[in-house]
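Next input, structure requested:
(2 chains)
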Amino acid sequence: DVKVTQSSRYLVKRTGEKVFLECVQDMDHENMFWYRQDPGLGLRLIYFSYDVKMKEKGDIPEGYSVSREKKERFSLILESASTNQTSMYLCAGNSGYSEQFFGPGTRLTVL
Amino acid sequence: SQKIEQNSEALNIQEGKTATLTCNYTNYSPAYLQWYRQDPGRGPVFLLLIRENEKEKRKERLKVTFDTTLKQSLFHITASQPADSATYLCALDEDSSYKLIFGSGTRLLVRP
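Got it, this is the predicted structure:
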């Protein structure tokens, strides 16, 4: 069964903390994506990666960075968390121009 | 700028009826369009993909149409069931890239 997993379902952090969100896929996908989802705004792309050690900015990269050291793992890093980064974070993977497979999401609250 | 519009108001229908959801886009020439289902607190799940040279695609009770002249896709669920209640998202490729642009989704409620 296809699996994209995320390290946490719920996370509470304080302003200024460094936050790591981990995503692991077992489908051998070349491409991996990080989105955030907010009510009324839909899914917005933060960063994506089309190969190991490769990354490209999405629509809202400010305040975030990513790391892809291995094909199956794509990490999202909030260098200094802020309250406006409270959101649902979704990781996805795919190969080529096919459908994207999503993880269950991490609901992050920054206090 | 590129824009995708889905009806933000919930669609409320009776069980057994056909649900029709709309996705309109502007300033795009997508090579393909995708529909996803999302349940509360969960990640989206892929349903159907339709390419620009396809007019219609079917999968069981689901049907998608793609009109590149009208810049519109319609998503139909026939013989709807309460279990079909969810938010449905449409997504378009951005300039034939790996990136998808998502609409904000339409919530479907199917009454028993």
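
Who does A:Lys57 form a beta bridge with?
A:Tyr47 (DSSP bridges).

My guess is it contacts A:Tyr47. True?
Yes: A:Lys57 lies in contact with A:Tyr47 (CB atoms under 8 Å); the separation is 6.1 Å. Any C-beta I mention is one placed from the backbone N, CA and C, and that applies to glycine too.

Please identify which of the two sits among more neighbours.
A:Tyr47 (23 against 13; other CB atoms under 10 Å in any protein chain shown).

Against B:Gly41, how distant is the more buried one?
Distance of A:Tyr47 to B:Gly41, computed by CB to CB, to the nearest Å: 23 Å.

so the most centrally placed residue in chain A, which of the three states?
Nearest residue to the geometric centre of chain A (CA atoms, centre = their mean): A:Trp34, 3.1 Å. A:Trp34 carries the three-state label strand when classified by DSSP: H, G, I helix; E, B strand; the rest coil.

Quick check: it touching A:Tyr89?
Yes: between A:Trp34 and A:Tyr89 there is a contact under CB under 8 Å: 6.7 Å.

any shared contact partners between the two?
A:Leu21, A:Leu76 (CB atoms under 8 Å, 6 or more residues apart in numbering or on different chains).

follow-up on the earlier one: for the residue nearest to the centre of chain A, which residues are in contact?
Counting by CB under 8 Å, 6+ apart, A:Trp34 touches A:21, A:23, A:45-48, A:58, A:64, A:66, A:74, A:76, A:89-91.

make it 10 Å
Contacts for A:Trp34 (CB atoms under 10 Å, 6 or more residues apart in numbering or on different chains) come out as A:21, A:23, A:44-49, A:55, A:58, A:61, A:64, A:66, A:74-76, A:89-92, A:103.

could you measure it against chain B, distance?
According to CB to the nearest CB, to the nearest Å, A:Trp34 stands 12 Å off from chain B.

now that residue: how far from B:Gly16?
Counting by CB to CB, the gap from A:Trp34 to B:Gly16 is 40 Å.

got it, and A:Ser98?
Taking CB to CB, one finds A:Ser98 at 33 Å from B:Gly16.

These two: which has the busier surroundings?
Under the criterion of other CB under 10 Å, the comparison of A:Ser98 against B:Gly16 puts A:Ser98 first, with 14 against 11.

Tell me the predicted confidence for that one.
The score at A:Ser98 is 81. That number is its pLDDT.

On the three-state scheme, it is what?
Classified using three-state DSSP, A:Ser98 is coil.

What sits closest to it if chain neighbours are left out?
What sits nearest to A:Ser98 in space, not counting adjacent residues and going by CB to CB, 6 or more residues apart in numbering or on different chains, is B:Leu49, at 7.5 Å.

so what's the one you found bridging to?
Bridge pairing for B:Leu49 (DSSP bridges) gives the partners B:Gln34.

pLDDT of stretch A:81-89, averaged?
The average pLDDT within stretch A:81-89 is 97.

Would you mark the buried spots in that stretch?
Within stretch A:81-89, the residues that qualify as buried are A:Ala81, A:Gln85, A:Thr86, A:Ser87, A:Met88, A:Tyr89, counting by 16 or more other CB atoms under 10 Å in any protein chain shown.

Next one: it, is it in contact with chain B?
Yes: judged by CB under 10 Å from any CB of the partner chain, stretch A:81-89 and chain B are in contact via A:Met88.
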